[in-house]
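> have a look; sequence and predicted model below, questions after that.
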Amino acid sequence: MSTRLMTVAVRHEQDVVAARQRARQISALLGFEAQDQARIATAVSEIVRNAFRYAGGGEVEFSLEGERAPQLLVIHVRDQGRGIAELQAVLAGRYRSDTGMGLGITGARRLMDHFAIHSGARGTGVLMKKVLPDHAPFAGRAELARITQALTTAAPSSALDEVLQQNRELIRTLAELRERQDEVLTINRELEDTNRGVVALYAELEERADFLRRADETKSRFLSNMSHEFRTPLNSIRALTRLLLERSDGPINAEQERQLTFVAKATEQLSELVEDLLDLAKIEAGKVEVRPSEFSVAELFSALRGMLRPLLVSDKVALRFESAPELPALYSDENKISQILRNLISNALKFTERGEIMVSADFDPVTRAVMFSVADTGIGIAAEDQERIFEEFAQVLNPLQARVKGTGLGLPLCRRLSGLLGGAITLQSEPGIGSTFTVTLPLELPRPAAEPPRAPAAATPSEPAQLTVLVVEDRADNQLLYEKMLRGSAYSVVQARSLRQAKDLLARSRPAAMVLDIVLGTESSWRWLGELKSSPGTSALPIVVASDVDDPRKGYALGADIYLPKPVERAALLEVLDRLTRARILVIDDDPASRYAIRKLCDASAYNVLEAADAREGLRAASALRPELIVLDLNLPDRRGEDVLSELAAGAATQSIPVVVATSEQLTRAKREGLAAAAAVLSKSELDRDTFSRLLASLATPEGRPRP
């Protein structure tokens, strides 16, 4: 909703002063602070002065926009002059004239939250917007009536009064600057003192950390290299004890048998401790090798069932295995997964006196992860102990502990092994009811790269051709939701949880689109939205506002391309992103430098560049993403470009896409004739900005937009 507050006609030179005065009065009535009042008045004065000087006059309209706080002060300056001939140069800060034209426009743009200008033969229009401060009350009907009454009764000031007012503002600004300068000097001195202390502390910490790191490495190397020395005497004791108990060298009495049994049990416990210690040391030392292979959960459970059946010493406890139907095959280290589950099941058998132990497996198609669960009806674990049990040698005191001894290393080892396989282990437990350990692992570990059929030494692994979407959202659950919604689509997610992170990411990269939340913790992104759409470098960036704040008018007024209420539906988000980023160029080239050069040539255009480093990925991306143009190299690592061109021309989904061949090869006439299906054949040495701009212009519609 937009409400007009006042219109000021500019016919004479004193009207410029009057427009400045009205701008200050209105901003003061709306609750802007003195500094912002001066900014708004100065911006209006500069634009109105330009309208009077170069167009002979015009008008200024002040209005208020927004159905919820914070609202927007909207200022529209219009004239009927001949327009601004060098507008783009003025906005870029490159234009200079004897009269100083252009300085006022660039200065005004920096002073306001949103700035847009349109100029032609029939005149110029400048639209400026400023977000009201957070403490400003919402201006409803009663407040608007009060503001209108105040503006009507306010007596106009003379030009001399305005000059005096400007002088007072200048003096106040200079005083504030002097205070700020003194504060900066004080802070700099404090920072220098702090930095000296931090540097000394950091040096000490680095020395301590280095000492601990060397000690840890020494411990890990010692344990991992001493496996033979540890195991040999234990195996000897175990074997000799077994021989004595089997009476291989003659009879033994009952007391001797009892003593040997104690020795055998102690040896078994010590062996378990040594095995777990060595496994942990190997993981820490990086000496554990992951050997992935393809296997089914049914095979894994069958082996575990036979292996653990001897541990069931009581009919009061049942061990059951259950897996989801049609569970896909895993590509992971079967031995290590078996070791994790054996440890968890052994613990469950130790601390469950009656009931059952359920071992199950399930699959999440969204995250492509397999969840193994071991649930028991045992003694359970208190909430305060549930994190401590994953620490080395930690044990929870309970009545069963005296009968079932443990090493305190099983669960820490399970956590380390899960992390080694790219997963994690979680626990849900309640004393007296039971515990459920869940191990979440990826369905597939990375497979070894297949060797390409040609030129294996020069082959470059291809990257998925996807468009980057910057998601600015402070809540972790919403970030995860966006990541899941865009998984498997033409888009990849880059996350930012604050305005500072988002600004840093935008400074380093150019996303194809942005999804922006309005409320980011204690921050509001209204002002930044206006700045993005006013800045020449980011004004073309498609921005989708997705927020709980129900104020789409304000969002569109500040430049949002689409305003979606939360919760956002996946189909709606993909449809919007496809519509906003439909101008796409696919570059199929194995040379990263060539792909980078073409991407830079498209920086100033409305096109988004997708990249593929080989023919297979290029054909997949062309069929799935339907770009408006394909730039194709002939010398690809897995196929010749001529074959790719023929396959593109034959495919129903790709035959209408124009293909430009860009190559470094010296082409004969016969080879050029063989590339007749291409829209153009260029040498890479000819690909400069002008040539590429003309090429893109030939693909545009008569209205100047990229082809849909």
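Yep, that arrived.
> where in the stretch 151-300 of the chain is pLDDT low?
155-169, 219-232, 235-236, 239, 248, 269, 272-288 (pLDDT under 70).
> where do the strands sit along it?
293-295 (DSSP state E, counting those that start in this stretch).
> tell me where the stretch 151-300 of the chain has helices.
Assigned by DSSP state H, counting those that start in this stretch, the helices in the stretch 151-300 of the chain fall at 159-225, 227-245, 254-285, 297-308.
> list the contacts of stretch 37-49.
10, 15-16, 19-21, 23-24, 27-28, 32, 58, 60, 73, 75, 77, 104-105, 107-108, 111-112, 126, 128, 130, 169, 173 (C-beta atoms under 8 Å, 6 or more residues apart in numbering). (Glycine included, C-beta is placed from N, CA and C.)
> render the CA-only coordinates of that stretch in CSV, please.
What follows is stretch 37-49, C-alpha atoms only, in CSV (Å, rounded to 0.1, in the frame of the first residue of the first chain):
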residue,chain,number,x,y,z
GLN,A,37,17.5,13.5,7.8
ALA,A,38,20.6,15.2,6.4
ARG,A,39,21.3,12.3,4.0
ILE,A,40,17.7,12.3,2.6
ALA,A,41,17.6,16.1,2.3
THR,A,42,21.0,16.1,0.5
ALA,A,43,20.0,13.4,-1.9
VAL,A,44,16.7,15.2,-2.8
SER,A,45,18.5,18.5,-3.2
GLU,A,46,21.1,17.0,-5.6
ILE,A,47,18.5,15.3,-7.8
VAL,A,48,16.0,18.3,-7.8
ARG,A,49,18.9,20.7,-8.6
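> quick check: mean pLDDT across it?
Averaging pLDDT along stretch 37-49 gives 91.
> one more: stretch 308-326?
78.
> for it, list the C-alpha coordinates in CSV.
Extracted C-alpha coordinates of stretch 308-326, given in CSV (Å, rounded to 0.1, in the frame of the first residue of the first chain):
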residue,chain,number,x,y,z
LEU,A,308,26.8,-64.0,17.5
ARG,A,309,24.6,-67.0,18.2
PRO,A,310,27.1,-68.5,20.6
LEU,A,311,26.9,-65.4,22.8
LEU,A,312,23.2,-66.1,23.5
VAL,A,313,23.6,-67.9,26.8
SER,A,314,20.0,-67.4,28.1
ASP,A,315,16.6,-68.1,26.7
LYS,A,316,15.4,-64.8,28.3
VAL,A,317,17.0,-62.7,25.6
ALA,A,318,16.1,-63.0,21.9
LEU,A,319,18.3,-61.6,19.1
ARG,A,320,16.4,-60.6,16.0
PHE,A,321,17.6,-59.2,12.6
GLU,A,322,15.3,-57.2,10.4
SER,A,323,16.0,-55.1,7.2
ALA,A,324,13.7,-53.0,5.0
PRO,A,325,12.5,-54.7,1.9
GLU,A,326,14.4,-53.9,-1.4
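> residues in contact with that stretch?
297-298, 301, 304-305, 342, 345-346, 349, 352-363.
> start and end of stretch 638-655, how far apart?
This stretch, stretch 638-655, spans 21 Å end to end (C-alpha to C-alpha, to the nearest Å).
> can you give me the buried ones in it?
Across stretch 638-655, burial judged by 16 or more other C-beta atoms under 10 Å covers Asp638, Arg639, Gly641, Glu642, Val644, Leu645, Glu647, Leu648, Thr654.
> my guess is Gly432 meets Ile379, correct?
Yes. Contact criterion C-beta atoms under 8 Å: Gly432 and Ile379 qualify, at 7.1 Å.
> give me the more crowded residue out of these two.
It is Ile379, of Gly432 and Ile379, that has more neighbours when counted by other C-beta atoms under 10 Å, with 20 against 8.
> for Arg599, give me its contacts.
Val587, Val609, Glu611.
> 6 Å - rerun?
By C-beta atoms under 6 Å, 6 or more residues apart in numbering, the residues touching Arg599 are Val609.
> and it, helix, strand or coil?
helix (DSSP: H, G, I helix; E, B strand; the rest coil).
> for it, report the pLDDT, please.
For Arg599, pLDDT reads 79.
> doesn't Ile84 fall inside a strand?
No. Per three-state DSSP, Ile84 lies outside any strand segment and is coil.
> contacting residues around stretch 686-695?
Against stretch 686-695 from outside (C-beta under 6 Å, 6+ apart): Leu601, Ala662.
> pull out the buried residues from it.
Residues of stretch 686-695 classed as buried: Leu687, Phe692, Leu695 (neighbour count, 16+ other C-beta under 10 Å).
> tabulate the CA atom coordinates of that stretch in PDB.
Below are the C-alpha coordinates for stretch 686-695, written out as PDB (Å, rounded to 0.1, in the frame of the first residue of the first chain):
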ATOM      1  CA  GLU A 686      39.200 -14.900 -31.900                       C
ATOM      2  CA  LEU A 687      37.100 -15.200 -28.800                       C
ATOM      3  CA  ASP A 688      37.300 -11.600 -27.400                       C
ATOM      4  CA  ARG A 689      34.600  -9.700 -25.600                       C
ATOM      5  CA  ASP A 690      33.300  -7.900 -28.800                       C
ATOM      6  CA  THR A 691      33.100 -11.100 -30.800                       C
ATOM      7  CA  PHE A 692      31.300 -12.900 -28.000                       C
ATOM      8  CA  SER A 693      28.900 -10.000 -27.400                       C
ATOM      9  CA  ARG A 694      27.900 -10.000 -31.100                       C
ATOM     10  CA  LEU A 695      27.400 -13.800 -30.900                       C
END
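> all further residue positions should be reported with the first residue as 233.
Sure thing, new numbering starts at 233, so read that last one as stretch 918-927.
> tell me which element Val913 falls in.
Following DSSP states H and E, one finds Val913 within strand 912-915.
> the helix or strand just after that strand: how far from the chain's middle?
The first helix or strand that comes after strand 912-915 along the chain, using DSSP H and E, is helix 921-931. Averaging C-alpha positions (C-alpha atoms, centre = their mean, to the nearest Å) puts helix 921-931 33 Å from its chain's average.
> same thing with stretch 742-758?
12 Å.
> give the buried residues for it.
Those would be 742-750, 752, 756-758, for stretch 742-758 by 16+ other C-beta under 10 Å.
> before we move on, what about stretch 779-787?
Ser779, Val781, Asp783, Pro784, Arg785, Lys786, Gly787.
> gap between the second one and Val841?
Distance, Val781 to Val841, using C-beta to C-beta, to the nearest Å: 33 Å.
> do the fourth one as well
Distance check for Pro784 against Val841: by C-beta to C-beta, it reads 31 Å.
> now do the SS call for Glu293.
strand.
> that one reaches His308, doesn't it?
Yes. In this structure, Glu293 is within contact of His308 by C-beta atoms under 6 Å, at 4.5 Å.
> just to revisit the earlier point, from the buried residues of stretch 779-787, which ones fall inside strands?
Ser779 (DSSP state E).
> and the buried residues of stretch 779-787, which is closest to Asp268?
Lys786 (18.1 Å; C-beta to C-beta).
> for that closest one, what are its contacts?
Gly298 are the contacts of Lys786 under C-beta under 6 Å, 6+ apart.
> again, only using 10 Å
Lys786 makes contact with 233, 297-300, 302-304, 361, 363, 750, 758, 761-762, 777, 792, 795, according to C-beta atoms under 10 Å, 6 or more residues apart in numbering.
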